[in-house]
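In: I would like to see how this sequence folds:
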Amino acid sequence: MRQMRMKDQSDKYNLSTEIIAAYLDGNATPAEVQLVFDAMAHDAHLRELLLVSSHVDTELALLHRKPEYIPMTALAAECGEDNLCCLECEKYVMKGRGITYDEQQMLEDALCNGWLKQEGTALHNVGRHLEKTGLVVTRQYGCSIQNIIDALNHHEDVIVAVDSGKLLPNKNINHLDNADTQFLPDHTVVVIAGDVETDVITLFDPNSPNPTDTYSLAQFASAWADSKNYLVTIKTFDNSRNATLTMELFKNNEDKIYNIFASISEQGHDCREHTCEHAWHFMNEFSRIDGKIIGGDKEKIIEKMKYVR
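Out: Numbers count the residues shown, from 1 in each chain. Sure, this is the predicted structure:
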């Protein structure tokens, strides 16, 4: 009986085994995804089947995935006795942009706000002084050499976190002998230029006596990898830019909206509070009575979302 019901539902929604497989693999088209959603709304057995399959896939992925360490609390500190490499990099960026600064005030701000500790500056605090000047600072892990080159081509400044011992191997750096920290970033540098064809990258390094230093991309990549390719980009805020919220609404066969895919463009900084606000207003349109979902009226949802910032 259940098999016959499954067949009836499959016929009604044209839900083939190929579509189900594509959905589970993440390869289904938007139309196929909507077809699966419609079928799930009316077939509890299908919902259970897809839920179990999803959990199995997740558990298998976790079994085969090696844990990856993200050095969020690593300290950029290798710059003389004062651990001011981040401050030196930010001063370099300000000077290049013609922004005046008071070095003593910057140091006091760093200490008062907890950006600078005795041991150095945490990676998530790199660029705080630049933000205070009105510049837009973006921080992210898992970047590439091409991301650096793209940022430079867009006239953005670039600061990266590196293992200083791999750039200046002759320096007497005690942490290199410590097995617990030898693969951690301890320094920041400003990337001035990069060229894949010539295999050269040019840096401003607060540790170096030279105005700039050049390295092969391979040597730089090795030093940068210890920070999980942590990249800080700095650009001027453009008041003329307009952030665009794009929402794609998916209707089921009853003309109800149960799913929305949304994206926000041109964001210069974190927009989590706004995306959460949109999600809350959307979810607030629904309730459950006797196991049945109430809500999803298209016009009401569109009207409600108009007034979210």
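
In: how is the protein carved up into domains?
Out: In terms of domains, the chain is parsed into 1-67, 75-235, 240-309 (source: automatic domain parsing).

In: Tell me which of these sits most buried.
Out: Comparing the domains of the chain by mean neighbour count (mean count of other C-beta atoms under 10 Å), domain 75-235 comes out on top with a mean of 18. The C-beta positions use only the backbone N, C-alpha and C, and glycine is treated the same way.

In: ends of stretch 139-151, how far apart?
Out: 12 Å (C-alpha to C-alpha, to the nearest Å).

In: whoops, stretch 216-230 was the one
Out: Taking C-alpha to C-alpha, the first and last residues of stretch 216-230 lie 18 Å apart.

In: re earlier: weakest of the domains of the chain in terms of mean pLDDT?
Out: Among the domains of the chain, domain 1-67 carries the lowest mean pLDDT, at a mean of 65.

In: would you list every one of the helices in the stretch 101-250 of the chain?
Out: Using DSSP state H, counting those that start in this stretch, the helices found in the stretch 101-250 of the chain span residues 103-112, 128-132, 145-153, 164-167, 217-225.

In: which one of these lies closest to residue 19?
Out: Nearest of those to residue 19, taken as C-beta to C-beta: helix 145-153 at 35.9 Å.

In: Name the helix or strand for residue 260, please.
Out: Element membership of residue 260 [criterion: DSSP states H and E] is strand 257-264.

In: surely residue 288 meets residue 294?
Out: Yes. Residue 288 is in contact with residue 294 according to C-beta atoms under 8 Å; the separation is 6.8 Å.

In: Report the beta-bridge partners for residue 235.
Out: For residue 235, the beta-bridge partners are residue 136 (DSSP bridges).

In: quick one, strands of this protein?
Out: Using DSSP state E, the strands of the chain run over 75-76, 116-117, 120-122, 136-140, 157-162, 187-195, 200-204, 213-216, 231-235, 245-251, 257-264, 287-289, 292-294.

In: Reformat the ones you listed into a markdown table and put distance to residue 85 next to each item.
Out: A markdown table is the format used below for the strands of the chain (distance: least, C-beta to C-beta, whole Å):
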| stretch | distance to residue 85 |
| --- | --- |
| strand 75-76 | 5 |
| strand 116-117 | 11 |
| strand 120-122 | 8 |
| strand 136-140 | 16 |
| strand 157-162 | 10 |
| strand 187-195 | 5 |
| strand 200-204 | 11 |
| strand 213-216 | 14 |
| strand 231-235 | 13 |
| strand 245-251 | 39 |
| strand 257-264 | 34 |
| strand 287-289 | 54 |
| strand 292-294 | 55 |
